[in-house]
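# got a sequence here, can you build the structure:
(chains A and B)
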There are 2 protein chains.
Amino acid sequence: MSDHTPDLDALRAANPTHWRRAAAIRTLTLDAVAAANSGHSGMPMGMADVATVLFESHLKFDASRPEWPDRDRFVLSAGHGSMLLYSLLHLTGYPEMTLDQLKNFRQLGAITAGHPEYGHAPGIETTTGPLGQGIATSVGMAIAEEIQRARYGRKIVDHYTWVVAGDGCLMEGVSQEAIALAGHLQLSHLIVLWDNNGITIDGKVSLSDSTDQKQRFKASGWDVIEVDGHDPVAIDAALTQAKKGKKPTMVACETHIAIGSSAQDTSKGHGALTDPTLIADTKRAYGWEYAPFDIPADLKTEWEAIGARGAEERAAWEMRFAELGQGKRGEFERALRGEAHRRLPATIKALKRQIAESQPKMATRKSSETVLEVINPIMAETIGGSADLTGSNNTLTADMGVFSPEDRSGRYIYYGIREHGMAAAMNGMALHGGARPYGGTFFCFTDYARPAMRLSALMGIPVTYVMTHDSIGLGEDGPTHQPVEHLAVCRATPNTNVFRPCDTVETAEAWELALTADSTPSVLSLTRQNLPTLRTEFTNKNLVAQGAYVLADATEGKRLVILMATGSEVEIAMKARDILQAEGIGTRVVSMPCWELFEAQDEKYRKKVLPAGPVRVAVEAGCRMGWDRWLTGERGKRDKGAFVGMDGFGASAPSDVLYEHFGITAEAVAKAAREML
Amino acid sequence: MSDHTPDLDALRAANPTHWRRAAAIRTLTLDAVAAANSGHSGMPMGMADVATVLFESHLKFDASRPEWPDRDRFVLSAGHGSMLLYSLLHLTGYPEMTLDQLKNFRQLGAITAGHPEYGHAPGIETTTGPLGQGIATSVGMAIAEEIQRARYGRKIVDHYTWVVAGDGCLMEGVSQEAIALAGHLQLSHLIVLWDNNGITIDGKVSLSDSTDQKQRFKASGWDVIEVDGHDPVAIDAALTQAKKGKKPTMVACETHIAIGSSAQDTSKGHGALTDPTLIADTKRAYGWEYAPFDIPADLKTEWEAIGARGAEERAAWEMRFAELGQGKRGEFERALRGEAHRRLPATIKALKRQIAESQPKMATRKSSETVLEVINPIMAETIGGSADLTGSNNTLTADMGVFSPEDRSGRYIYYGIREHGMAAAMNGMALHGGARPYGGTFFCFTDYARPAMRLSALMGIPVTYVMTHDSIGLGEDGPTHQPVEHLAVCRATPNTNVFRPCDTVETAEAWELALTADSTPSVLSLTRQNLPTLRTEFTNKNLVAQGAYVLADATEGKRLVILMATGSEVEIAMKARDILQAEGIGTRVVSMPCWELFEAQDEKYRKKVLPAGPVRVAVEAGCRMGWDRWLTGERGKRDKGAFVGMDGFGASAPSDVLYEHFGITAEAVAKAAREML
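Numbering: from 1, shown residues only, chains lettered A, B, ... in the order given. Modelled structure (predicted):
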């Protein structure tokens, strides 16, 4: 925050054209927030000058073609200032961002949600609001840009990612993961505009923070530029300089939150300024004489010219793109559409056939690697990585290459010990387009990545989380590393497919589904420990796509028992079935690798798999939460112990010992079934 | 990591006594990891010199009295190096850490878990392993120490918190939140020993990171000292200097991971070194001639003398403590035992009586503030705070004072936008003892704090999370801020009491339970929007303690319906009951503010509240996950829509509009009941 009080009249006099343009953003913000009686006024008011210069002279875009692949990305990390973005999209002429939408700010059905929501309108490059997510997501966008630039050349891919970040974004830990990764990778096309206004909700930043942000960014390998965020000439020079750097650049913009209002430089100014007198006084201070939501035609024309500024460059790009070889163009477009390679189904099928024959005993994390080894060569858009557990997550395959400042064509990212930054970066890659990211860590550390994983689901983008070491089966590392509630956590999250395959065949099928999903992220929950191949009969059909299916049916007597299991516990269910069948108790085993897909089946199929009648036992080395959905209804047997799993945290010991200790055994499953009969 | 290869013979010759002591740590580590065939050898080997000097000459402790309140805290943030801690505890003579425990490293029932587990043995100050947690937890320990020093004086409270942190800890985002907060608060009694060995699991740190950590810490307001981590004289000087600073200090210790072994300075050295030849060669390089787990008697005696070094100081402290006034002593001891003030029950009762009379309509976040206003004056050990949402979380009460470098007696922390750092710091305060922390953020941002919240549960420490804005009821901020799955997430986590009170009376009861819990963290899920008082009849008894209870019973006709609800939806259930009762359908409403406590009741009580027979409808503005546990068994009605709640993400609109839009209304609940009858 600048110490001096800005002289609005002087600013206006110095750059009248600029001032009026920026005032349009400020007054639209005031009007929309007043109409909604809710929102955040101060940030768009404070950053209007920077944003105006950015859109006017630097951001590469064409409002009439928001999906132009080589556009610059603009990320509003400080998402509460959503009116900054909506104003810009409206003023520059994005067709969907009408004045009515601004008038309906924060109302049901409007594309102008409280925080920018990806998918609501073109020009909203990512969902922001949970602080720090935007800046962390942008790192992935910049990585995707670098990789594609290396692949298609500078004539096809050459754009910047611009981020507006506030103090909140920079205080969130994920921002450190992001800037350290970006600095290490020398992502020179990433530029962060820090809205240095010195104010948070609780009061002055100095209440809670004394960080020298400039020094901090430099320590992470960034270039840093300081600028008066209300001086358009200086801003222009700073942005010009930022684009030239060999490192990512942070531009520290000294601004006044809620500039020109009586709430300027206060935490009140951070929130909704709705007082009519304050609004009138502020508009007067801006020299703004128009009615609410009224943008004079000449000014709108100026802004629309800015919106059309990139049209020529875009057209030239289209020419260059048309000159690309057909193969490259097809690849580019296919990847951009998020379509899997046409050879994927046959490749998966061939692998399944081979596995059904060789029947390997391996951990599903290793199965996953086996699948990736055949996928990565045909899907050039995959970008793999791990949060420093490459050898444990089995995420690196032979042909990928490692992405680094020296090799931009590498498709594998050493994310470091940064699960959260990894997840957010993967979101950014998927949002950028042309990339299909996957990344690994231990399933337990889903916890670290939660905020970004939730955004994958909310945005509906097909990121794949490779989560290995998915139960007490990981053994000696103990309860801090043993997921117990994490399947429930992921399953509770809307629009998330949670796959827990029981063998290599199911793992291959899960991967096929993950790579063909277009609006749902996938979580693969994979074992550390070896598992037998249970799908020993080749099926052309992807059975995991049904969510659950009969793996083995009762072979003698009446079908009295249904055992339900996922992942490593399917083997236990099969052994329990052997025990029960030997006793003449007809037993079906249902493998349930993906609840969400099973839910999505019609009722007829679900009843076919789980008919009324037999008693049911579920076995999973996690908590019970959610299983009652599948266990119950039948004869009210719920209270008779039909779930075999964990009811607390794990422990440190070898895997086999733990399964015995916690009673997750074939004998325990058989006993639970017997007791209900 | 130091560039040059260390000359072990020279090191040994220069400081033979020190060398032998450190070698004991190194060889115990090698032996224990070999016995377990699992674990991490390299870190304890690399940090043995630093740890030896720390324990020998700096750490204030008395191995015979590990609970001495004024001891220094030693936090092994790089928890995978647990053998460093176990070796030190064994060598210095902590009674429980026997040689047999070391021999049973990572085995079931041993206190020597894969990662240090709080509660397993004295001397393990906190659970670590998920990286970054230790360093972030230590910030809370240092805050608690400052506050208690201000209250009881330097003669009673004057100790340091020492942290061993690795590259992984420093890469995790939470470390930035921690160091920025510690730097801002000038926690001069906090000293971080960075094990700068340049190696992570994936390889060299340079694969994934280029951060100038020294500059980064300086940017956050820390003093930084560099030292050769294998030179005991230099280490001693550095630690001496670190204690003198006015800021927190980071000591960058250049070390060689797995020093002296063929795996030195490699990622292999990070893991389990179990090869007998490697072990034999390494021991030879150390000049160590003894059998596995054999510590020569004279060396053990030396180490035990180190363990007894603080006995005199401890005894002197006890004298000083005995001289404290009886009142202060009693307060100190009560708070240390984690016992609530004896006036708490009467205070809560008086408030409940008053509320039952005045029947306010208020948001439960405001109810929570009302409760805190009466609690904080009598419970001096509470330490409140918020992650920059003080006015929204309603966590600050009149008398608390704000903790700052200028005022160490303040009990309120402006955590900044650092939910994760806040949660971890609260863990540290609870672990330190004498403090009962609570802290607020939006319920949705539970996601950011998850890793630390899980540790609260795993460690069994009574931290209270004040999570406001707990549903779509928060309105316009939209889906990024609206929790949907978060109740399920918290409920799925073992040993966590999740309270969702329906009014001010239930909020008061929930707080009473949170403040009297001794081994379970509490999550308070509180509304933004106003709610009526539903508990209009004063009861002496804490009904929330039963987890669920009959709020209103069927008053006419046969009891045909049971409506179950929590929090803001209890009002909806009550209205639905009115509708149904008017139709002659006898309807009971069960308020279920805490599932976990209801589960803990005997079956008789549970069946009394939820008898078989009536159809059941649950209503909660969250996802269904978990509700089948309570909905089912009865007549197999599960599939008939007996849950009214969310089945996806929320939206941006005013609260009332959203409840209508998502169909969470009294009419919808009544309809669901009717349809099943």
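# could you use CA atoms for every contact and neighbour count after this?
Will do.
# of all residues in the stretch 101-250 of chain A, which one is closest to chain B?
Residue of the stretch 101-250 of chain A nearest chain B, by C-alpha to the nearest C-alpha: residue A:173 (3.8 Å).
# isn't that residue up against residue B:176?
Yes: Residue A:173 lies in contact with residue B:176 (C-alpha atoms under 8 Å); the separation is 5.5 Å.
# could I get the pLDDT score of the residue of the stretch 101-250 of chain A closest to chain B?
According to the prediction, residue A:173 has pLDDT 98.
# which stretches in the stretch 351-500 of chain A count as helices?
With DSSP state H, counting those that start in this stretch as the criterion, the stretch 351-500 of chain A has helices at A:364-375, A:390-393, A:419-432, A:446-459, A:486-492.
# distance of residue A:130 relative to residue B:442?
Residue A:130 is 10 Å from residue B:442, where distance means C-alpha to C-alpha, to the nearest Å.
# can you pull the contacts of residue A:228?
Residues near residue A:228 by C-alpha atoms under 8 Å, 6 or more residues apart in numbering or on different chains: A:2, A:234, A:235, A:253, A:254, A:255.
# now, of those, which are buried?
Buried members of the contacts of residue A:228, counted by 16 or more other C-alpha atoms under 10 Å in any protein chain shown: A:234, A:235, A:253, A:254, A:255.
# mind listing what the last one touches?
To tie it back to what came earlier, the one meant is residue A:255. Shown in contact with residue A:255 (C-alpha under 8 Å, 6+ apart): A:1, A:2, A:46, A:47, A:195, A:196, A:197, A:228, A:229, A:230.
# what about the closest residue to residue A:443 other than its chain neighbours, how many neighbours?
Counting by C-alpha to C-alpha, 6 or more residues apart in numbering or on different chains, residue A:443 lies nearest to residue A:467, which is 4.3 Å off, once chain neighbours are set aside. Residues lying near residue A:467 (other C-alpha atoms under 10 Å in any protein chain shown) number 24.
# and residue A:467, what is it in contact with?
Residue A:467 makes contact with A:393, A:440, A:441, A:442, A:443, A:446, A:523, A:524, A:525, A:526, according to C-alpha under 8 Å, 6+ apart.
# immediately after the lowest-mean-pLDDT helix or strand in chain A, which helix or strand?
Sorted by mean pLDDT, DSSP states H and E, the helices and strands of chain A end with helix A:628-631, the least confident at a mean of 89. Downstream of helix A:628-631, the next assigned helix or strand under DSSP states H and E is strand A:643-644.
# run through who's touching that following strand.
A:617-621, A:624, A:627, A:631, A:663-664, A:668-669, A:672.
# and the two most separated of the residues you listed?
A:631 and A:663 (18.9 Å; C-alpha to C-alpha).
# would you mind writing the CA trace of stretch A:479-499 as CSV?
Below are the C-alpha coordinates for stretch A:479-499, written out as CSV (Å, rounded to 0.1, in the frame of the first residue of the first chain):
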residue,chain,number,x,y,z
PRO,A,479,-1.1,-44.0,10.9
THR,A,480,0.1,-40.6,9.6
HIS,A,481,0.6,-42.2,6.2
GLN,A,482,-2.4,-44.7,6.3
PRO,A,483,-5.6,-43.4,4.7
VAL,A,484,-8.7,-44.4,6.6
GLU,A,485,-11.2,-41.8,5.8
HIS,A,486,-9.9,-40.7,2.5
LEU,A,487,-12.0,-42.9,0.3
ALA,A,488,-15.0,-41.4,2.1
VAL,A,489,-13.6,-37.9,1.6
CYS,A,490,-13.2,-38.3,-2.1
ARG,A,491,-16.5,-40.1,-2.5
ALA,A,492,-18.3,-37.4,-0.6
THR,A,493,-17.0,-34.8,-3.0
PRO,A,494,-19.4,-34.2,-5.9
ASN,A,495,-18.4,-34.9,-9.4
THR,A,496,-15.4,-37.0,-8.6
ASN,A,497,-14.9,-40.5,-9.8
VAL,A,498,-13.0,-42.6,-7.2
PHE,A,499,-11.5,-45.7,-8.6
